[in-house]
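S.K.: Give me a model of this one.
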Amino acid sequence: MIHRSKAPLRIGLAGGGTDVSPYCDLYGGAILNATISLYAYANIEPIPEKKIILQALDRKEEQQFDAGRELPIDGRLDLLKGVYNKIRKVYGLPDAGFKLSTFVDAPAGSGLGTSSTLVVALIGAFSEMLRLPLGEYDIAQLAYDIERRELNMAGGRQDQYASTFGGVNYMEFFANDKVIVNPLRIKREYLFELENNLTLYYTSTSRESAKIIEKQTQNVVNKKDRSIEAMHQLKQQAQMMKEALLTGRVNEIGEILDFGFRQKKEMAEGISNSLMEDIYETAKKAGASGGKISGAGGGGFMVFYCPDNSKYAVIEALKDFGGYVKHYQFVNHGLTTWTI
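M.R.: Predicted structure coming up:
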């Protein structure tokens with residue numbers, strides 16, 4: 001018997017960074033994102049030995065431990081260990097052995113929410129195995145607690161909720177861990193047009209998002225007006241994006257993304273760099289009307305809105321930078337679990 005789960009990664013379209021404390025605690029945050037057909041997978045397979053075998057198959061990492069003990073957080077497979085430790089502490093686990101294996105369709109540090117999505121998938125696999133009565137908000141909040149509080153990894157809140165709920169969502173973030181997920185009923189033809197025109201480009205560089213987010217957090221703590229005003233503008237961008245999608249003003253999305261690109265760079269040092277600026281300007285010269293850095297910035301994926309069939313010229317122009325285009329589709333489902 002194998003317990004499986006899969007949770008979708010996301011593209012953040014607007015408001016990125018306003019889900020990070022203390023900004024959202026003080027001012028309230030708003031983000032619009034959409035889940036895509038790239039996933040984090042988790043599998044739990046019972047084994048006869050009283051061992052816990054952890055495997056990150058995409059990263060070719062493995063560790064083994066005796067069953068029935070807390071696992072050490074030491075920089076290796078910490079996300080797997082953190083979820084195991086929390087589930088064991090709160091819900092209990094049998095002393096029997098099992099193999100816990102994971103795989104993610106995008107590299108770590110790529111800006112698509114890989115770490116948080118993996119935590120959601122891991123919780124899903126344990127929830128399936130133990131038949132835990134957890135709702136969507138419960139799972140997302142538990143994932144946030146494990147990653148941000150148990151493991152002390154800096155970051156926001158959108159990824160846990162995006163991968164759990166799935167679809168296109170306008171999310172609001174407040175103090176005291178209050179989150180409201182508003183699913184958007186976007187006409188199919190609008191969503192198809194968005195999917196057709198959005199190009200997802202991997203820069204072939206990754207980054208440690210925690211360091212950038214820590215700078216962003218410090219700017220809010222130190223009341224740096226320029227950074228805080230940029231976050232206010234990004235929150236407004238999420239509202240603009242929501243209205244454009246719901247009313248079918250799809251070709252305004254490039255300009256809305258471009259507005260956000262300029263604001264996001266003001267949030268913290270390191271969000272953009274010379275390579276990403278060159279890629280962005282090249283894409284715009286080739287026909288893109290706007291774009292964004294996915295996730296915290298500094299590397300990873302970039303997204304470009306390419307109207308009027310300009311995406312083919314944009315893809316061609318970006319070939320010189322050594323990255324690649326990742327094909328995807330939007331998906332409506334969030335975390336999915338099953339047993340075979």
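S.K.: Relative to Thr164, how far out is the most centrally placed residue in the chain?
M.R.: The centroid of the chain falls nearest to Gly113 when counting by CA atoms, centre = their mean (2.0 Å). As for Gly113, its distance to Thr164 is 11 Å (criterion: CB to CB, to the nearest Å). Glycine gets a C-beta too; all of them are placed from N, C-alpha and C.
S.K.: which outside residues touch stretch 129-144?
M.R.: 3, 44, 86-87, 91, 93, 116, 119-120, 123-124, 126-127, 157, 160-161, 164-165, 177, 179, 181, 334-335, 339 (CB atoms under 8 Å, 6 or more residues apart in numbering).
S.K.: Can you list which of those residues are found in helices?
M.R.: 86-87, 116, 119-120, 123-124, 126-127, 160-161, 164-165 (DSSP state H).
S.K.: Between helix 158-165 and the longest strand along the chain, find me the angle.
M.R.: In the chain, taking DSSP state E as the definition, the longest strand is strand 29-47. Going by axes from the mean of the first three to the mean of the last three CA atoms, to 10 degrees, strand 29-47 is angled at 60 degrees with respect to helix 158-165.
S.K.: so after strand 29-47, what's the next helix or strand?
M.R.: strand 51-56 (DSSP states H and E).
S.K.: in its sheet, what does the helix or strand that that following strand is followed by sit against?
M.R.: Per DSSP H and E, the first helix or strand lying C-terminal to strand 51-56 is strand 61-66. Within its sheet, strand 61-66 is paired with strand 51-56 (antiparallel), according to DSSP bridges.
S.K.: for the partner strand, what is the average pLDDT?
M.R.: Here the mean pLDDT over strand 51-56 is 98, rounded to a whole number.
S.K.: ditto for stretch 119-138
M.R.: Taken as a whole, stretch 119-138 carries a mean pLDDT of 98.
S.K.: Ok, stretch 257-276 next?
M.R.: Confidence for stretch 257-276, expressed as mean pLDDT, is 82.
S.K.: in the sheet, who's paired with Leu198?
M.R.: Counting by DSSP bridges, Leu198 is bridged to Tyr305.
S.K.: tell me which element Met302 is part of?
M.R.: Using DSSP H and E, Met302 falls in strand 301-305.
S.K.: on that earlier part again, narrow the contacts of stretch 129-144 to those that are buried.
M.R.: Buried by 16 or more other CB atoms under 10 Å: 3, 44, 86-87, 93, 116, 119-120, 123-124, 126-127, 157, 160-161, 164-165, 179, 181, 334-335, out of these.
S.K.: leaving aside the residues next to it on the chain, what's closest to the residue nearest to the centre of the chain?
M.R.: Nearest non-adjacent residue to Gly113, counting by CB to CB, 6 or more residues apart in numbering: Asp159, 3.3 Å away.
S.K.: Now do that neighbour: how many residues are near it, please.
M.R.: By the criterion of other CB atoms under 10 Å, Asp159 has 30 neighbours.
S.K.: I'd like the distance between it and Gly334.
M.R.: Separation of Asp159 from Gly334 (CB to CB): 12 Å.
S.K.: The residue nearest to the centre of the chain against Gly295, yeah?
M.R.: Yes. Between Gly113 and Gly295 there is a contact at 6.9 Å, judged by CB atoms under 8 Å.
S.K.: so what sits against both of the two?
M.R.: The contact lists of Gly113 and Gly295 share Gly12, where a contact means CB under 8 Å, 6+ apart.
S.K.: Any buried residues in the longest helix along the chain, and which?
M.R.: Ordering each helix of the chain by length in residues (DSSP H) puts helix 225-247 first. By neighbour count on 16+ other CB under 10 Å, the buried set for helix 225-247 is 227-228, 230-231, 233-238, 240-242, 244-245.
S.K.: about what we covered before: tell me the contacts of the residue nearest to Gly113?
M.R.: 10, 113, 115-117.
S.K.: ok, back up a step: CA atoms only: put the longest strand of the chain into PDB for me.
M.R.: What follows is strand 29-47, C-alpha atoms only, in PDB (Å, rounded to 0.1, in the frame of the first residue of the first chain):
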ATOM      1  CA  GLY A  29      -1.600  42.100   2.000                       C
ATOM      2  CA  ALA A  30      -3.200  41.100  -1.300                       C
ATOM      3  CA  ILE A  31      -1.900  38.600  -3.900                       C
ATOM      4  CA  LEU A  32      -3.300  37.200  -7.100                       C
ATOM      5  CA  ASN A  33      -1.900  33.800  -8.200                       C
ATOM      6  CA  ALA A  34      -2.700  30.800 -10.400                       C
ATOM      7  CA  THR A  35      -1.700  27.200 -10.100                       C
ATOM      8  CA  ILE A  36       0.000  25.400 -13.000                       C
ATOM      9  CA  SER A  37       0.700  21.900 -14.300                       C
ATOM     10  CA  LEU A  38       4.000  21.500 -12.500                       C
ATOM     11  CA  TYR A  39       3.900  19.700  -9.200                       C
ATOM     12  CA  ALA A  40       5.500  18.600  -6.000                       C
ATOM     13  CA  TYR A  41       4.900  14.900  -5.200                       C
ATOM     14  CA  ALA A  42       5.200  12.900  -2.000                       C
ATOM     15  CA  ASN A  43       4.900   9.100  -1.500                       C
ATOM     16  CA  ILE A  44       4.800   7.100   1.700                       C
ATOM     17  CA  GLU A  45       5.500   3.400   1.300                       C
ATOM     18  CA  PRO A  46       5.600   1.000   4.300                       C
ATOM     19  CA  ILE A  47       8.700  -1.200   4.700                       C
END
